[in-house]
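> just coords:
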């Protein structure tokens, strides 16, 4: 009888400890405040935001693991949070953003009861038929929206050449003096075939391309930048950030001239970093993007 009592007591104690652990874990999760977290990140990055290689309040980081690449950009934009929230809290607006990227060929938002999807064709840096450019189906989700915080998540399950699990996420938090702090994440996974394909591309067509992370100094005293797969990721993360930034800048212009202002501003922004981002001349980019915008507005 004593043994049975002890066994029951121990069993009860285990359940009590388990319930306590669950309660503590739940309380810890409940106290996570994304606004406070993002503002704390802003405070931690303030010195780098004030002084960096980009000559603007921007910090870029990248990570490569055996099967995933992740890029993060933190930046301060000179737009009040309300303008950022209203400008980016729309799948159609995200299509306008996506099309600025030199590799984006088309974007169409499809709203359905099951959720919103962005059909995005991504291909070469030159004009390309939609039948050739691979299509990515990004689920669009407004993860969080409050008077001072925005979180938008885009995910695509599959990509070409052994890539998958694409993520584009944008967080924004209000700052004083009519400014907003942004956090952009661009990430995707790859299998063995994907790594091989990316490495082949980097060893041939993109052999001279580099990213933004400084890894050393060249004999002539110039900065040595990271190459390889992280360099590729950093270039595309920056292109998406510049698309967001220039889109926001153009929202104050009259609607008939917004497209032209976005295109001109995006190209100008990329040319600040010719070592990393220069691909074609301005005239070729503008001609291609005007045609792609027309296709985006007419092809269903």
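Thanks, I have the structure now. Because the structure is a prediction, the values reported are computed rather than measured. Numbers count the residues shown, from 1 in each chain.

> and the helix or strand where residue 73 lies, how far out from the chain middle?
Using DSSP states H and E, residue 73 falls within strand 68-77. Once both centres are worked out by C-alpha atoms, centre = their mean, to the nearest Å, strand 68-77 turns out to sit 6 Å from its chain's centre.

> just checking: what are the partner strands of that strand?
Sheet pairing here is set by DSSP bridges, and for strand 68-77 it gives strand 58-65 (antiparallel), strand 179-190 (antiparallel).

> mind listing what's buried in the first one?
By that I understand strand 58-65. 58-60, 62 (16 or more other C-beta atoms under 10 Å). Glycine gets a C-beta too; all of them are placed from N, C-alpha and C.

> does residue 249 belong to a helix, a strand or coil?
The three-state label given to residue 249 by DSSP: H, G, I helix; E, B strand; the rest coil is helix.

> and it, how far is that from residue 80?
13 Å (C-beta to C-beta, to the nearest Å).

> who has more neighbours, these two?
Neighbour count, other C-beta atoms under 10 Å: between residue 249 and residue 80, residue 249 has more, with 19 against 15.

> my guess is the more buried one meets residue 265, correct?
Yes: between residue 249 and residue 265 there is a contact at 5.9 Å, judged by C-beta atoms under 8 Å.

> thinking again about what came up before, moving C-terminal from the strand holding residue 73, which element do we reach first?
Assigned by DSSP H and E, the successor of strand 68-77 is helix 81-88.

> what mean pLDDT does that next one get?
For helix 81-88, the mean pLDDT works out to 96.

> list the contacts of whatever helix or strand comes next after it.
Sequence order places helix 91-100 as the next helix or strand after helix 81-88, per DSSP H and E. Residues from elsewhere that reach helix 91-100 (C-beta atoms under 8 Å, 6 or more residues apart in numbering): 87-88, 104, 106-109, 111, 116, 118, 120, 140, 152, 154, 240, 242-244, 246-247, 262-263, 266, 289, 292-293, 296.

> what subset of these is buried?
87-88, 104, 106-109, 116, 118, 120, 140, 152, 154, 240, 242-244, 246-247, 262-263, 266, 289, 292-293, 296.

> with distance to residue 129 and mean pLDDT added, can I get the strands paired with strand 68-77 in CSV?
Below are these laid out as CSV (distance: least, C-beta to C-beta, whole Å; pLDDT from 0 to 100):
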stretch, distance to residue 129, mean pLDDT
strand 58-65, 32, 97
strand 179-190, 24, 97
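
> quick one: low-confidence ranges for this protein?
The model of the chain has pLDDT under 70 over residues 1-30.

> go again with 90.
Confidence mapping of the chain against pLDDT under 90 gives the ranges 1-32, 114, 160-162, 192-208, 217-218, 220-223, 297, 299-300.

> and the helices in it, which stretches?
Here the chain has its helices, by DSSP state H, at 2-30, 34-50, 81-88, 91-100, 192-203, 228-250, 255-270, 274-277, 282-298.

> name the residues of the shortest one that are buried.
So that's helix 274-277. Neighbour-count burial for helix 274-277, with 16+ other C-beta under 10 Å as criterion, is recorded at 276-277.

> same check on the fourth one?
Judged by neighbour count (16+ other C-beta under 10 Å), helix 91-100 contains these buried residues: 91, 93-100.
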